[in-house]
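Colleague: coords please:
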Amino acid sequence: MDAALERALQKMIANWEKMKHSHEDDAADEAEQFEASFYAWIDHIRQWYTELPHKPATLEEAMLLPDVQQSMERLPIELMLNFETELELIVAGQTREEEERYD
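Modeller: The predicted model follows:
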């Protein structure tokens, strides 16, 4: 897996776990950290995807790419739909506006 993707994925998963076990007083801050790391990871995926010599034409084809499959194997199940939605936008050449991101 691409090194930048790997680091971003590890950070996002660590923030997910931290958020899941956060104390009530820290929950909002940790949720913000997780959200920022999720979208940083998505930005790395977008950059990686733009550099592919042969881009998949569909979400299904993109999900078969080795780096995507490796990411999906480690991704918490609760985040799978969010990831697939973002990947679909990347394949379609679209970007999500900041205010449209998941809250």
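Colleague: the helix or strand where residue 7 lies packs against which elements?
Modeller: Under the criterion of DSSP states H and E, residue 7 resides in helix 3-20. If contacts are counted by 3 or more CB pairs under 8 Å, 6 or more residues apart in numbering; DSSP states H and E, helix 3-20 sits against helix 27-50, helix 66-74. Using the backbone N, CA and C atoms, a C-beta is placed for each residue, glycine as well.
Colleague: what's the most buried one of those?
Modeller: Mean neighbours per residue, mean count of other CB atoms under 10 Å, is largest over the helices and strands packed on helix 3-20 for helix 27-50, with a mean of 17.
Colleague: where does residue 39 land on pLDDT?
Modeller: The score at residue 39 is 95. That number is its pLDDT.
Colleague: okay, residue 36: pLDDT?
Modeller: Looking at residue 36, its pLDDT reads 95.
Colleague: and the helix holding residue 7, C-alpha only, in CSV?
Modeller: C-alpha atoms of helix 3-20 as CSV (Å, rounded to 0.1, in the frame of the first residue of the first chain):
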residue,chain,number,x,y,z
ALA,A,3,3.0,4.9,2.3
ALA,A,4,1.0,8.1,2.6
LEU,A,5,-2.2,6.2,2.4
GLU,A,6,-1.0,3.8,5.1
ARG,A,7,-0.1,6.5,7.5
ALA,A,8,-3.3,8.4,6.9
LEU,A,9,-5.3,5.2,7.4
GLN,A,10,-3.5,4.3,10.6
LYS,A,11,-4.1,7.8,12.0
MET,A,12,-7.8,7.7,11.1
ILE,A,13,-8.3,4.3,12.6
ALA,A,14,-6.5,5.4,15.8
ASN,A,15,-8.7,8.4,16.1
TRP,A,16,-11.8,6.3,15.5
GLU,A,17,-10.8,4.0,18.3
LYS,A,18,-10.0,6.9,20.6
MET,A,19,-13.3,8.5,19.8
LYS,A,20,-15.2,5.3,20.5
